[in-house]
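>>> got a sequence here, can you build the structure:
(4 chains)
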There are 4 protein chains.
Amino acid sequence: MVTKLALLGAGRIGKVHARAIAEDKRAKLVAVADAFPEAANAIAAASGAAVRTIDEIEADKDIDAVIICTPTNTHADLIERFAKAGKAIFCEKPIDLDVARARACLETVRKVGGKVMLGFNRRFDPHFRAVRQAIDDGQIGKVEMVTITSRDPGPPPAEYIKVSGGIFRDMTIHDFDMARFLLGEEVDSVMASASVLVDPKIGELGDYDSASLVLTTKSGRQAMISNSRRASYGYDQRIEVHGSLGSVSAENQRPVSIEIATKDGYTRPPLHDFFMTRYTAAYAAEISAFIDGLENGTPLSPSAEDGLIALALADAAVRAAEQKTSVKVTY
Amino acid sequence: MVTKLALLGAGRIGKVHARAIAEDKRAKLVAVADAFPEAANAIAAASGAAVRTIDEIEADKDIDAVIICTPTNTHADLIERFAKAGKAIFCEKPIDLDVARARACLETVRKVGGKVMLGFNRRFDPHFRAVRQAIDDGQIGKVEMVTITSRDPGPPPAEYIKVSGGIFRDMTIHDFDMARFLLGEEVDSVMASASVLVDPKIGELGDYDSASLVLTTKSGRQAMISNSRRASYGYDQRIEVHGSLGSVSAENQRPVSIEIATKDGYTRPPLHDFFMTRYTAAYAAEISAFIDGLENGTPLSPSAEDGLIALALADAAVRAAEQKTSVKVTY
Amino acid sequence: MVTKLALLGAGRIGKVHARAIAEDKRAKLVAVADAFPEAANAIAAASGAAVRTIDEIEADKDIDAVIICTPTNTHADLIERFAKAGKAIFCEKPIDLDVARARACLETVRKVGGKVMLGFNRRFDPHFRAVRQAIDDGQIGKVEMVTITSRDPGPPPAEYIKVSGGIFRDMTIHDFDMARFLLGEEVDSVMASASVLVDPKIGELGDYDSASLVLTTKSGRQAMISNSRRASYGYDQRIEVHGSLGSVSAENQRPVSIEIATKDGYTRPPLHDFFMTRYTAAYAAEISAFIDGLENGTPLSPSAEDGLIALALADAAVRAAEQKTSVKVTY
Amino acid sequence: MVTKLALLGAGRIGKVHARAIAEDKRAKLVAVADAFPEAANAIAAASGAAVRTIDEIEADKDIDAVIICTPTNTHADLIERFAKAGKAIFCEKPIDLDVARARACLETVRKVGGKVMLGFNRRFDPHFRAVRQAIDDGQIGKVEMVTITSRDPGPPPAEYIKVSGGIFRDMTIHDFDMARFLLGEEVDSVMASASVLVDPKIGELGDYDSASLVLTTKSGRQAMISNSRRASYGYDQRIEVHGSLGSVSAENQRPVSIEIATKDGYTRPPLHDFFMTRYTAAYAAEISAFIDGLENGTPLSPSAEDGLIALALADAAVRAAEQKTSVKVTY
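All right, here's what the predicted structure looks like:
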């Protein structure tokens, strides 16, 4: 039996998910909704889905699940609404920029027994998954220290910064989730040093563009995160895990891996310059995992709780950077 | 206007091409033919194409082009037949194992003004293309020496070896084409040292499993090719071009690029172990290039002539290995 | 004119310096002193130096400079004594484990116009120097973030831990100096998370074995340091500097750089497993720089002040780790 | 007891050997001879050796062995003379440019029971040695194919080319020896394609500057050698050995191993640009091995026979390139 899916939000990431669904024989995209008819029409034309309103999708008993790719400030409302409507939910991160709102949303989901998966796509990157697999296989012994380097090719526009919730909730949130994915133990406290080094306009908007964070678990495991809103050489995404028996790391990815040697040295091309090309395989794998979960009735992961915890870590980081102290995380 | 394609041969490689066509909005797979109805049905179900006979496809005026993925010994006949029927042709390599038959086929194609592209997929690998681009951009100056390492994970079954035409026509043929793609000048003579080092059964069938070749152009440019039917560490596919101003190389590809460090050293996973996963992007790009050519009326490349020349180089290699001498190539 | 040197302390590091002096035609080792006659005799035999007491060396007007490689708790006294005696001084780090004592020592040195160079050997590693050179050449623009990974192959014996001054004063002190060498701006505050993950005995001695630190400069530049007393794969010593125009990094060094590919993957040998083989070139270059300074009258660098500041950073780290807060550095 | 050595020839390579002897406590350089007094004096001053004539050295019963670093055309004569004088001999390659002369020289050495080691320094490179060790340890199974890339940074002056004996006897001779070191079986036949691509003047002198060779052993093992007199990116020296269970390779070496990432890509510095800096460790290790052999009475290796065989391979290559055919090697 084919799972019937509806897509809420037909923007950039909506298109990516629509294509992933088209590749998966176990599911079919039957409806798409967007405030901009053109966007919805484009996906409808490519996928064979019907253009519908959100109300219509909510009411349609034939639709099994929704993929929420609408703006962040609609996520919590839509999750609650579709959980109540009995539909499984895949929602892009974050649940909400406000922890209290996110917590309330989760409360509602729990009450109605809703099934929610959160779009932390990086967990599905084949290289990062292989790092986790090596840990699970015991190849590096007990995990002790995680190092995450995460730098964007360039800062987003000011308009985006304004509504982003700040660097920790917008950018580091992926790294918080990745740290948890790798540490094997919950984070107890957060330290952060954050500055404006890339663009003074980001500072004027009350945000940072460069940050170094240290997360510590109860047993003393440590994760370091290095963030910058600018990396001339591309989308810098590395992880390394150090354990009692060794280390495992995932290096950066580039679209083309040649090397040119001249009198000036040996040069390889820059990295991917866009998260969508860097994480192409991850996006496809995460939708496939969502469909897996629906088909087999296995727990959806990463869960809404994972989304809430990452947000709590971001909140702790905000306070840690302001107060220049280690902040205990409250879940 | 959408180009209408038919697929002849619904085997392993046929499926790959069907999927590539499905990804390209400019074309549509409308028909598929195969001696085994199950194979044809599977592709038909996934693509929406109709199952047809070769005769029906030949007679259908609505079909613009065919993709030939049938067994090698049918290629020349089908090329002639569909060239006469006025359809553009994409054909898997080789045209035929016999140079004379391939030459006759080309003669027929020329007479009827047929359009044929040959499936030397490696020319479309993004890394190898980038190597060629670096040469075209003048980054390494004048090309002087090409080195191609091409090793299979393991030998094919004896049944395949018997009908393969021998290692030079079956395996090295890709490297001959790649050498020509990079040398920028036609090959004048071929030297070859070939042995049976991997499996004595291959020798009993009159074939070799290990070969070292040197191709020389008129002006003295040299290409070295190293072939083995076995590489424990995966599908070993490297090229390097040395020029007057420097070198450019494309390294091996692996599905997952992590590194594990322990007391025993630093270990990265083996390479791709299958040509289809190694050259996934290349297969998609070659079908896209075929559709490009049909849409824009630009010359199809690599051409049937390219196929014939690679075959002539393979023939020269056979004689060079037997006679232990340098053999002039006759086109 | 040849510079005449005396060596105080004929242990492991003393031998390394004696050999470096032997390689340099501009200097000659004329005397060596050690509490253990055997150690002094061995160096004397190899170098042609005479075995002398510290008093004799102090009194010898012919000796231009001393190399202090005695135990840490003698450094400050010997520096003061030989500065008063008018001899130039090269002293192994640290000046003292106590900041106040180190500051008093420097005061004395300043009063008598003493010339002191401190043995932060890593500044002379050719790879790290090249990183600094790339920064000085403007290749990565303005420095923003420094990442230092510094892990020992294994923990030192408990006897050593007891007198080491703790991980920050013993091990991280090198990284503090390296961070300063690369940041281009003084450190304003220090954060540290430190734990006992490697060996509980280290904890029983009141020390840590695993630490993650973040240093922040006044303008907001950040340096991250990752320390562990154990790395199964060897002596892990990496630096990376991220700037406005790009990044520069120095990778780990191994004694033998081969790669073995088998069905289990591609394996390179472990790293150097000992700081003396890892930093062979650095030790020679630092003595050469000391002799340079004496010959040319140029300032000795790194200076005793550099030693004091690194110690102050270590003290700040101790407090930061205990109090779980960011600590302002007082010089 | 310390071995007493004399150095014949105080040029560039003589200095390197004198320094290696100075580092080894088991030996002492007692005499040095050179047609140019200045050169001899310089080494004498640095080492404490006496400046002597070749006759004096020959007559001195106290001298155990000689290191021959004089011009090539004197090698055979000096080997014979000092073998007769009962001294052990280390001689730079080649014995002579003429195989017949080299063979006669060996005949004389055999008659008088002389002990001769030939200076194929690359066998002592730690990376290449580790490759051989991996083979000996069975890590790649049975050796099947060897690939040697050997390119000079730039062509030597015309004066040198004239007396060099041609590229095969001058440059490839190192690669012939390395191939034998790795193949584990004697070479049966040689194929060669050689051209003038770098500098027409080299062609005018009757030599080649670019060559691709294939060596084949009796059992069919193959070695490929790629030579060029020019590599803009430095001294290109790589080896790779492919066997039944895997491959082992040694990559290029660079003086400084940093990487700079900018918008233009990731760049590592060029390679060593001089054979003396590339093979520093190898030169020291080969003299150490010579002294080992003298001390322990173990066979000296590589032997004069190894020198003769490499020369025979060079002769075969000359004919192979001229006659464009595979040439059987006669020893």
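>>> okay, CA-based contacts and neighbour counts for the rest of this
Fine.
>>> contact partners for the closest residue to chain B within the stretch 1-150 of chain A?
Relative to chain B, the nearest point of the stretch 1-150 of chain A is A:H127 (5.4 Å; C-alpha to the nearest C-alpha). Residues near A:H127 by C-alpha atoms under 8 Å, 6 or more residues apart in numbering or on different chains: A:A250, B:V256, B:S257, B:I258.
>>> how near is A:V248 to chain D?
From A:V248 across to chain D, the span is 21 Å (C-alpha to the nearest C-alpha, to the nearest Å).
>>> what is the burial count for that residue?
Residues near A:V248, counting by other C-alpha atoms under 10 Å in any protein chain shown, number 25.
>>> quick one: it and A:H242 touch, right?
Yes: counting by C-alpha atoms under 8 Å, A:H242 is a contact partner of A:V248 at 6.7 Å.
>>> any idea how many residues pack against the residue of chain A found nearest chain C?
Nearest residue of chain A to chain C (C-alpha to the nearest C-alpha) works out as A:T325 at 4.0 Å. Residues near A:T325, counting by other C-alpha under 10 Å, number 22.
>>> wait, A:H242 sits on A:V146?
Yes: using C-alpha under 8 Å, A:H242 makes contact with A:V146 at a distance of 6.2 Å.
>>> what touches both of these two?
With C-alpha under 8 Å, 6+ apart as the test, A:H242 and A:V146 reach no residue in common.
>>> sorry, back to before: ok, now which ones touch the residue of chain A closest to chain C?
A:M191, A:A192, C:K324, C:T325, C:S326.
>>> re earlier: overlap in contacts of A:V248 and A:H242?
Here A:V248 and A:H242 have A:I140 as joint contacts, going by C-alpha under 8 Å, 6+ apart.
>>> A:A39 belongs to a strand, doesn't it?
No: checked against DSSP: H, G, I helix; E, B strand; the rest coil, A:A39 lies outside a strand; its state is helix.
>>> check the residue lying closest to it once chain neighbours are set aside and give its pLDDT.
Spatial nearest neighbour of A:A39, chain neighbours left out: A:A10 (5.5 Å); criterion: C-alpha to C-alpha, 6 or more residues apart in numbering or on different chains. With respect to pLDDT, A:A10 has a value of 96.
>>> near A:A10, how many residues? Count them for me, please.
So A:A10, with other C-alpha under 10 Å, has 27 neighbours.
>>> and it, that one's in a strand?
No: judged by three-state DSSP, A:A10 forms no part of a strand; its state is coil.
>>> show me what contacts A:P153?
A:P153 neighbours (C-alpha under 8 Å, 6+ apart): A:R229, A:R230, A:A231, A:S232, A:Y233, A:G234, A:Y235, A:D236, A:D273, A:F274.
>>> ugh, wrong one, A:T147
Contacts of A:T147 (C-alpha under 8 Å, 6+ apart): A:A223, A:M224, A:I225, A:I239, A:E240, A:V241.
>>> nearest to D:T53 among those residues?
Of all those, D:T53 sits closest to A:E240, with 63.0 Å by C-alpha to C-alpha.
>>> specify the beta-bridge partners of that closest one.
Per DSSP bridges, the residues bridged to A:E240 are A:T147, A:S249.
>>> quick one: contacts for it?
A:V146, A:T147, A:I148, A:S247, A:V248, A:S249, A:A250.
>>> element containing A:Y266?
Using DSSP states H and E, A:Y266 sits in strand A:265-268.
>>> give me the mean pLDDT for whichever helix or strand comes after that strand.
Going down the chain from strand A:265-268, the next helix or strand is helix A:275-278, by DSSP H and E. Here helix A:275-278 scores 93 as its mean pLDDT.
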